[in-house]
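Student: Here you go, sequence then predicted model.
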Amino acid sequence: MSEDNLEQERLRRDSSASMHEQLADRLRALIAQLPQDGRMPGEMELVRRYGVSRTTVRRALGALVDKGLLVRRQGAGTFVAPRKLVHPLDQLRPFVSIFASVGKRPEGRILRFEWSEDPAELSGLDTTAGLLIRRLYTIDGAPQAVADISVPDHVGQRISRAQIEEHPIYQVLQEEFGLILGHGDITLTSVGAPAHLAEPLGIRVGDPLLVLTRTTYDKADRIIEHAVYHLLPDRFALRLTVDAEEIENVSYSFRHPAPTLVMRHEGHG
């Protein structure tokens, strides 16, 4: 960049806006010119370009990270935040389907494939032994999510590593073994990333993760799969569509709280 252009990039110290606010505005314009997942210039380049301190640069970048416009990746730098992948929760579906819905083709690397009889690791199943699988999802080498999948012994004994390396777990259960999925229980929580997940996901220990826990049953109401998906919150959104036809009416007053809530179904008096 020429000296003239550098001079045009300089911020105004006599402005009513603080230096980091001015810089954040400039960086928003830069973000608009970059593709999703595009890498931002490094801190020292921004210091030189805009004639500000490193502290100012970090404050401006931090503000844009907080607003969801940028994401930091440990050891790699700061990037334009990608569009979030939306995972609908209205029915059971393979996890990979959320990538396919936006034309993405994730890779799934197996980090763990082993038999276990540890009750702590099999807490989501109703058996004393089972197969444990850990899969890392990436797109173009960038980590997206880690899945910890456990399968009860009567199913896990039939699954080979080659099958899991090739196909998603639902495809193996349905197409390879002819199992019919009945229903699933899904819960959503958040955790700070533990060390064994922080490293493959490229984040710091304690960074926030979305957690989707899914237990799948067959038609006979037997658990055939338990999965815990740890998702990068800047990459995913979870959406549930609900029907209001049978909405419950609640009789309650915030001004005069009653000792009990009176709930009645719409259309039933």
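Tutor: Everything's here; your move. Here the structure is a predicted model, which is why all the values come from computation and not from measurement.
Student: And the residue nearest the centre of this structure?
Tutor: What sits nearest the mean C-alpha location of the chain, by Cα atoms, centre = their mean, is L231, with 2.6 Å.
Student: and that one, what are its bridge partners?
Tutor: L231 has these beta-bridge partners by DSSP bridges: A145, L210.
Student: Make sure E121 is actually in contact with V151.
Tutor: No - at 11.9 Å, E121 does not count as touching V151 under the criterion of Cβ atoms under 8 Å. In this view, the C-beta of every residue, glycine as well, is placed from N, C-alpha and C.
Student: Neighbour count: these two, which is higher?
Tutor: The residue with more neighbours, out of E121 and V151, is V151; 27 against 14, by other Cβ atoms under 10 Å.
Student: what does the model give the closest residue to V151 other than its chain neighbours for pLDDT?
Tutor: Distance criterion Cβ to Cβ, 6 or more residues apart in numbering; nearest residue to V151, sequence neighbours excluded, is L131 at 4.6 Å. L131 carries a pLDDT value of 97.
Student: Next one: L131 relative to R49, how far apart?
Tutor: With distances taken as Cβ to Cβ, to the nearest Å, L131 is found 53 Å from R49.
Student: before we move on, the earlier item: pretty sure the residue nearest to V151 is touching H154, no?
Tutor: No - with contact defined as Cβ under 8 Å, L131 does not reach H154; the gap is 10.5 Å.
Student: If you count surrounding residues, which of L131 and R49 has more?
Tutor: For L131 versus R49, neighbours defined as other Cβ under 10 Å are more numerous around L131 (23 against 18).
Student: Show me what the helix or strand containing the more buried one pairs with in its sheet, parallel or antiparallel.
Tutor: Secondary structure assigned from DSSP states H and E places L131 in strand 130-139. With DSSP bridges as the test, strand 130-139 is paired with strand 107-116 (antiparallel), strand 142-152 (antiparallel).
Student: C-alpha coordinates for stretch 49-68, CSV please?
Tutor: Coordinates of each C-alpha in stretch 49-68 appear next as CSV, following Å, rounded to 0.1, in the frame of the first residue of the first chain:
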residue,chain,number,x,y,z
ARG,A,49,-2.4,0.5,8.0
TYR,A,50,-4.5,2.5,10.4
GLY,A,51,-1.8,4.1,12.6
VAL,A,52,-3.3,2.8,15.9
SER,A,53,-2.0,0.8,18.8
ARG,A,54,-2.2,-2.9,19.1
THR,A,55,-4.6,-2.5,22.0
THR,A,56,-7.0,-0.5,19.8
VAL,A,57,-6.8,-3.2,17.1
ARG,A,58,-7.6,-5.9,19.6
ARG,A,59,-10.6,-3.9,21.1
ALA,A,60,-12.0,-3.3,17.6
LEU,A,61,-11.6,-7.0,16.6
GLY,A,62,-13.0,-8.1,19.9
ALA,A,63,-16.1,-6.0,19.4
LEU,A,64,-16.7,-7.5,16.0
VAL,A,65,-16.2,-11.0,17.3
ASP,A,66,-18.8,-10.2,20.0
LYS,A,67,-21.2,-9.1,17.3
GLY,A,68,-20.8,-12.4,15.4
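Student: ok but L197 is inside a helix, no?
Tutor: Yes - under DSSP: H, G, I helix; E, B strand; the rest coil, L197 sits within a helix.
Student: Now for it: which residues touch it?
Tutor: Counting by Cβ atoms under 8 Å, 6 or more residues apart in numbering, L197 makes contact with 146, 209, 230.
Student: now swap in V57 and tell me
Tutor: 23, 43, 46-47, 50.
Student: ok, and it, which helix or strand is that part of?
Tutor: Using DSSP H and E, the element containing V57 is helix 54-66.
Student: same deal with V86?
Tutor: Assigned by DSSP H and E, V86 falls in strand 85-88.
Student: Next SSE downstream of that strand?
Tutor: With DSSP H and E, the next secondary element past strand 85-88 is helix 97-100.
Student: Provide the strand pairings for the strand holding V86, with the direction of each partner.
Tutor: Going by DSSP bridges, the partners of strand 85-88 are strand 236-239 (parallel).
Student: All good on my end, thank you.
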